[in-house]
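# no sequence for this one, just the structure:
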């Protein structure tokens, strides 16, 4: 709505200026050009507004890179123009060469800068213009970790400190999930949006929305990795595949599942645990139980003990990147309780 009023104000100002200029020119020539100037000015203002609307997809980073390339091209053209003064030629030829050099180098500068716009750190002002003595880390949030919701509790405990960056394409993906026809996906997306709202309302959490997008990259995970590499940030996620791909590309990862696994209680072979067998295992005559933190416990010869609370002896512990599994066997003769 504010843009509409700004455009209307721009049209009115251009019309007034055009009328004044036309009237002034008509006074000197003895004719009335005020209304003609008004029409020309309004028409020019409309053309500018149309161009502004068509350029709405041009990001600030792209515009900054284009301006940088234009300035660089002008500097190179001016330097070469000085060299032309040492070559004997007519002034008309020298002027033509200067114009040609200026056009060529301005074009090349803008094109090269636009292609490598992601490498210019000046296009990310809130990263590079922050005081260097603050020492805050940058953490890019993944869609999965936002939907998970545990990031809110972790950030409130100040266990992970830094500035959270939420890319605009992650917000778009969350909105698409929240608008899904599938009720499960829709609920997950809405929960993610609620978690983001709580994070933004917390005054102790520094969170910013990053507007930069990479339209040439269709995959959201690939966009996350590229953004993290550009701003030198870590990726906060619970996606196992994203973690591995990011680490292969030299991006540091904070995996919330790895943190949860590290905080699980340590059990050693020979310890006795009280378990409730809840279902049948994959292998023959196995039962499965779960600890309070969700750790799966395999009970050998526990198939006939489903529904019972038993005392089990730990035989081995298997630690994998996907989680921890505990293997046990019933202690002595177990009876139904």
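Now that the structure is in, tell me what you want to look at. All of these numbers come straight from a predicted model, not from anything done at the bench.
# make it CA atoms for all contacts and neighbour counts henceforth
Fine.
# Residue 294: which element?
Here residue 294 is covered by no helix or strand, with elements defined by DSSP states H and E.
# Dihedrals phi and psi, it?
Dihedral pair for residue 294: phi 90, psi 0, per degrees, to the nearest 10.
# number of nearby residues for it?
Residue 294 is flanked by 11 other residues according to other CA atoms under 10 Å.
# The one 4 residues further on now?
Around residue 298 there are 23 other residues, counting by other CA under 10 Å.
# residue contacts, it?
281, 286, 287, 288, 289, 325, 326, 327, 328 (CA atoms under 8 Å, 6 or more residues apart in numbering).
# Can you tell me which of the residues you listed is closest to residue 317?
Top of the list for closeness to residue 317, among those and by CA to CA, is residue 326 at 4.6 Å.
# re the thing from before, who wins for neighbours among the contacts of residue 298?
residue 328 (28 neighbours).
# What backbone torsions are found at the residue nearest to it when sequence neighbours are not counted?
In space, and not counting its chain neighbours, residue 328 is closest to residue 314: 4.3 Å by CA to CA, 6 or more residues apart in numbering. For residue 314, the backbone dihedrals are phi -70, psi 130 (criterion: degrees, to the nearest 10).
# swap in residue 163?
The phi and psi torsions at residue 163 (degrees, to the nearest 10) take the values phi -100, psi 120.
# Number of residues surrounding it?
The burial metric for residue 163, expressed as a neighbour count using other CA under 10 Å, is 17.
# Now do the contacts for it.
Under the criterion of CA under 8 Å, 6+ apart, the contact list for residue 163 reads 136, 137, 138, 139, 205, 206, 207, 208.
# for the helix or strand where the last one lies, packing partners?
Remark: residue 208 resides in strand 206-210, with elements defined by DSSP H and E. Helices and strands in packing contact with strand 206-210 are listed as strand 163-167, helix 183-201; criterion 3 or more CA pairs under 8 Å, 6 or more residues apart in numbering; DSSP states H and E.
# what angle separates it from strand 163-167?
For the pair strand 206-210 and strand 163-167, the angle between their directions (axes from the mean of the first three to the mean of the last three CA atoms, to 10 degrees) equals 30 degrees.
# and residue 257, how far is that from residue 319?
Separation of residue 257 from residue 319 (CA to CA, to the nearest Å): 13 Å.
# can you list the domains in this protein?
In the domain annotation for the chain, the residue ranges read 2-117, 124-261, 272-330 (automatic domain parsing).
# Now the ones you listed in a markdown table, please, with extra columns for mean pLDDT.
Compiled in a markdown table, these are given as follows (pLDDT from 0 to 100):
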| stretch | mean pLDDT |
| --- | --- |
| domain 2-117 | 75 |
| domain 124-261 | 80 |
| domain 272-330 | 84 |
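# how about the strands in the stretch 101-250 of the chain?
Listed in chain order, the strands found in the stretch 101-250 of the chain under DSSP state E, counting those that start in this stretch are 138-141, 163-167, 206-210, 234-237.
# Would you agree residue 302 is in contact with residue 327?
No - the pair residue 302 and residue 327 does not pass the contact test of CA atoms under 8 Å, sitting 11.2 Å apart.
# And the longest helix along the chain, what's buried?
Scanning the chain for the helix with the most residues, using DSSP state H, yields helix 2-29. Using 16 or more other CA atoms under 10 Å as the test for burial, helix 2-29 gives 10-12, 14-26.
# Could you do stretch 293-302 as well?
Residues of stretch 293-302 classed as buried under the neighbour-count rule (16+ other CA under 10 Å) are 295, 296, 297, 298, 299, 300, 301, 302.
# can you check stretch 155-164 too?
When neighbours are counted by 16+ other CA under 10 Å, the buried residues of stretch 155-164 are found to be 155, 161, 163, 164.
# if we can go back for a sec, could you export the contacts of residue 163 to JSON lines, including columns for distance to residue 187?
Listed next are the contacts of residue 163 as JSON lines, based on distance: CA to CA, whole Å:
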{"residue": "136", "distance to residue 187": "33"}
{"residue": "137", "distance to residue 187": "31"}
{"residue": "138", "distance to residue 187": "29"}
{"residue": "139", "distance to residue 187": "25"}
{"residue": "205", "distance to residue 187": "25"}
{"residue": "206", "distance to residue 187": "26"}
{"residue": "207", "distance to residue 187": "24"}
{"residue": "208", "distance to residue 187": "24"}
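# ok, back up a step: and which of the buried residues of stretch 155-164 is nearest residue 273?
When these are compared for distance to residue 273 (CA to CA), residue 155 comes out closest, at 32.7 Å.
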